[in-house]
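Chemist: what would the 3D arrangement of this be:
(2 chains)
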Amino acid sequence: MIFKCKYCGGRVTFDIDRQIMRCRNCERLEEKPEMIDTEVCFDQYHCSNCGAVLAVNEDEITTNCPYCGEQSVIYDGKDEWFMPEFIVPFRVTKRNAIAIIEQEFEKYRFAPKKIRNIDVECVRPVYIPFQIHSVHVDTEQKIRGTVREIGQKEAETVIHYRSIEVDYDNLEVDVAKNMPDRVSIRLEPWNMKDEKKFHPMYIAGLFASVDDVGPEDAYVEAQKRACEMIDKKVMKSCSESSNNKVIEAEHKCSLNHRHLTLMPVWFFSSSYKGRKYAAVVNGQTGKIVSAVPVFRQVFWGIVALVTLLCFMPLYWLFNVVYELTLIGRAEIGFYVAGAVILGLWFLMQKSYSRYIEYKENLLVFQSRDIVNIAEGGSKK
Amino acid sequence: MRELLMLLAFFVSLFLGLSAGWYFISREGQTGNSISDGEEYQREYSRYKVFRSIKK
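Modeler: Reported below is the predicted structural model:
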């Protein structure tokens, strides 16, 4: 399906700036341009403009004609595809998306320059399908914690009984297999007030992925998120005690409503040392999500610097502890040394878990799936 | 004993150095807000049926 100008026959695409269809030839704004369906003949799609056979990317419902460059929307023939009910149109223009990426990448002072240089041709607007759920959760929980009043030597045990029901609206779960969940979750929040009734004109001139994750699988994910949120809420309500631990918990989830919506995402790709990297920008809010490699020398430089700076003060501290032991005040020494070692252990665990999270994110942004969306390739 | 203390100080400062390196790399190499941000536009209607705490 393509859109043609009623006046000059030129190509009509969705203008993100003005939020209306615009002819690329005569610049006229059109609310209802002429719609021409793509021909399907012997399972082959033919360009509505020049009639050439189209190379169809199985992961998307849009394709570009390799001969005339016309972009067609071809969702009609896809087996797994069903019509989305709503769409959140792009608000962030290509110019703005590039500015956001450039601004963000300037901060990566220790990343390779090649990754930071943006090729405007490698920025691609893609609609990603999401199932939007409205979920009802009912939970009953028993939580054990401890309370210690001022002046009290021993802590008292407290049992919290909580029964709560919550309705969660707008739980978004992406249903495109090649869009990693880790990325789509980090793209949130989406403002669902911008949701509009779906019409193919919104994707004219842009790209859109197919929904190839079943609605039941998406609902399982939505249930998981709803249960996590309700658990957080319950825990927050027990803040008067410490060391809280769930002893018994039961969750009952039911689905109130769900619908399929296309969400706008800008994809950007770059390469360094033969590896491809992607970055994504929320096409509605402009939130950017990415991870880039940092020079290994920077890491070892910091390790060496901090080791050198801390060595002498720590050596002095351990000497003091040893001297205290010699004059019979060993307990003070042990307390000090114990506190230092515990503090360091805590610090190390925190920074190591942050580092692991970064490494995992980096792998996701290098993965074939996300690079394929960014470059318009197919995984099938 | 002095050598032992020196060795201990070296290893502890090395751990500190590694922690600083990991923290710095993870801060410099990625962007985007945390997962919990997603709850911002999610509407939520809740009702407590039981809210009781008993000391034992």
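Chemist: mind listing the strands for chain B?
Modeler: B:30-31, B:44-55 (DSSP state E).
Chemist: distance of the residue nearest the centre of chain B relative to chain A?
Modeler: The geometric centre of chain B, computed from its C-alpha atoms, lies nearest to residue B:23 (C-alpha atoms, centre = their mean), at 10.5 Å. Residue B:23 is 4 Å from chain A, where distance means C-beta to the nearest C-beta, to the nearest Å. C-betas here are computed from N, CA, C, even on glycine.
Chemist: quick revisit: please work out which of the strands of chain B is packed deepest.
Modeler: strand B:30-31 (a mean of 20; mean count of other C-beta atoms under 10 Å in any protein chain shown).
Chemist: strands paired with it, and their directions?
Modeler: Strands that pair with strand B:30-31, judged by DSSP bridges, come out as strand A:288-291 (antiparallel).
Chemist: run through who's touching the strand it pairs with.
Modeler: Identification of contacts with strand A:288-291 by C-beta atoms under 8 Å, 6 or more residues apart in numbering or on different chains yields A:100-101, A:104, A:183, A:186-187, A:277-282, A:358, A:361-362, A:364-365, B:29-32.
Chemist: before we move on, back to that, surely the residue nearest to the centre of chain B is in contact with residue A:354?
Modeler: Yes: the pair residue B:23 / residue A:354 is scored as a contact, 6.3 Å apart, by C-beta atoms under 8 Å.
Chemist: least confident of the strands of chain B, on average?
Modeler: Least confident of those, judged by mean pLDDT, is strand B:30-31 with a mean of 76.
Chemist: how far does that strand sit from the chain's center?
Modeler: 16 Å (C-alpha atoms, centre = their mean, to the nearest Å).
Chemist: then stretch A:157-176?
Modeler: The answer for stretch A:157-176 is 21 Å, by C-alpha atoms, centre = their mean.
Chemist: buried residues, that stretch. List them.
Modeler: For stretch A:157-176, a neighbour-count test (16 or more other C-beta atoms under 10 Å in any protein chain shown) marks A:158, A:160, A:162-176 as buried.
Chemist: distance of the residue in the stretch 151-300 of chain A that chain B sits nearest to relative to residue A:277?
Modeler: Nearest residue of the stretch 151-300 of chain A to chain B (C-beta to the nearest C-beta) works out as residue A:188 at 3.2 Å. Using C-beta to C-beta, to the nearest Å, one gets 22 Å for the distance from residue A:188 to residue A:277.
Chemist: can you tell me which helix in chain A is longest?
Modeler: helix A:330-366 (DSSP state H).
Chemist: I'd like to check the angle between the helix or strand just after that helix and helix A:330-366, please.
Modeler: Going down the chain from helix A:330-366, the next helix or strand is helix A:368-375, by DSSP states H and E. For helix A:368-375 against helix A:330-366, the angle by axes from the mean of the first three to the mean of the last three C-alpha atoms, to 10 degrees is 50 degrees.
Chemist: quick one: residue B:25 from residue A:358, how far?
Modeler: Distance, residue B:25 to residue A:358, by C-beta to C-beta: 7 Å.
Chemist: what residues does the helix-or-strand element of chain B with minimal mean pLDDT touch?
Modeler: None of the helices or strands of chain B scores lower by mean pLDDT, DSSP states H and E than strand B:30-31, at a mean of 76. Under the contact criterion C-beta under 8 Å, 6+ apart, strand B:30-31 has outside partners A:104, A:107, A:288, A:289, A:290, A:291, A:292, A:358, A:361, A:362.
Chemist: near chain B, which residues of the stretch 101-250 of chain A are found?
Modeler: By C-beta under 8 Å from any C-beta of the partner chain, the residues of the stretch 101-250 of chain A that approach chain B are A:104, A:107-111, A:140, A:147, A:156-172, A:185-192, A:229, A:233, A:237-238, A:240-241.
Chemist: repeat that for 6 Å
Modeler: Applying C-beta under 6 Å from any C-beta of the partner chain, we find that the stretch 101-250 of chain A lies next to chain B at A:104, A:110, A:156-161, A:163-170, A:185-186, A:188-189, A:191.
Chemist: so residue A:264 is in which element?
Modeler: According to DSSP H and E, residue A:264 maps onto strand A:242-272.
Chemist: right, and the helix or strand after that strand?
Modeler: Following strand A:242-272 toward the C-terminus (DSSP H and E): strand A:275-282.
Chemist: give the partner strands of that following strand in its sheet and their orientations.
Modeler: Strand A:275-282 is paired, per DSSP bridges, with strand A:242-272 (antiparallel), strand A:288-291 (antiparallel).
Chemist: pull the distance from it to the chain's centre.
Modeler: With C-alpha atoms, centre = their mean, you get 11 Å for strand A:275-282.
Chemist: residues in contact with it?
Modeler: A:97, A:100, A:115, A:187, A:265-270, A:288-290, A:365-366, A:370-371, A:374 (C-beta atoms under 6 Å, 6 or more residues apart in numbering or on different chains).
Chemist: ok, stretch A:90-107 next?
Modeler: Outside stretch A:90-107, the residues within contact range by C-beta under 6 Å, 6+ apart are A:16-17, A:116, A:118, A:123, A:264, A:266, A:268, A:281, A:283-284, A:286, A:288, B:31.
Chemist: quick one, helices of the chain?
Modeler: I'll assume chain A. Counting by DSSP H, the helices of chain A are A:94-106, A:113-116, A:181-186, A:215-236, A:296-326, A:330-366, A:368-375.
Chemist: actually, chain B is the one I wanted.
Modeler: Under DSSP H, chain B gives helices at B:2-28.
Chemist: quick check: which ranges of it have low pLDDT?
Modeler: Applying pLDDT under 70 to chain B flags residues B:32-42.
Chemist: and if we set it to 80?
Modeler: In the predicted model of chain B, residues B:1-2, B:30-44, B:49, B:56 satisfy pLDDT under 80.
Chemist: so how far is the longest helix of chain A from its chain's centroid?
Modeler: Put simply, helix A:330-366 sits 27 Å off its chain's centre (C-alpha atoms, centre = their mean).
Chemist: what sits against residue 6?
Modeler: Just so you know, I chose chain A. residue A:34.
Chemist: ah, no, chain B please
Modeler: Counted by C-beta under 6 Å, 6+ apart, residue B:6 has contacts residue A:315.
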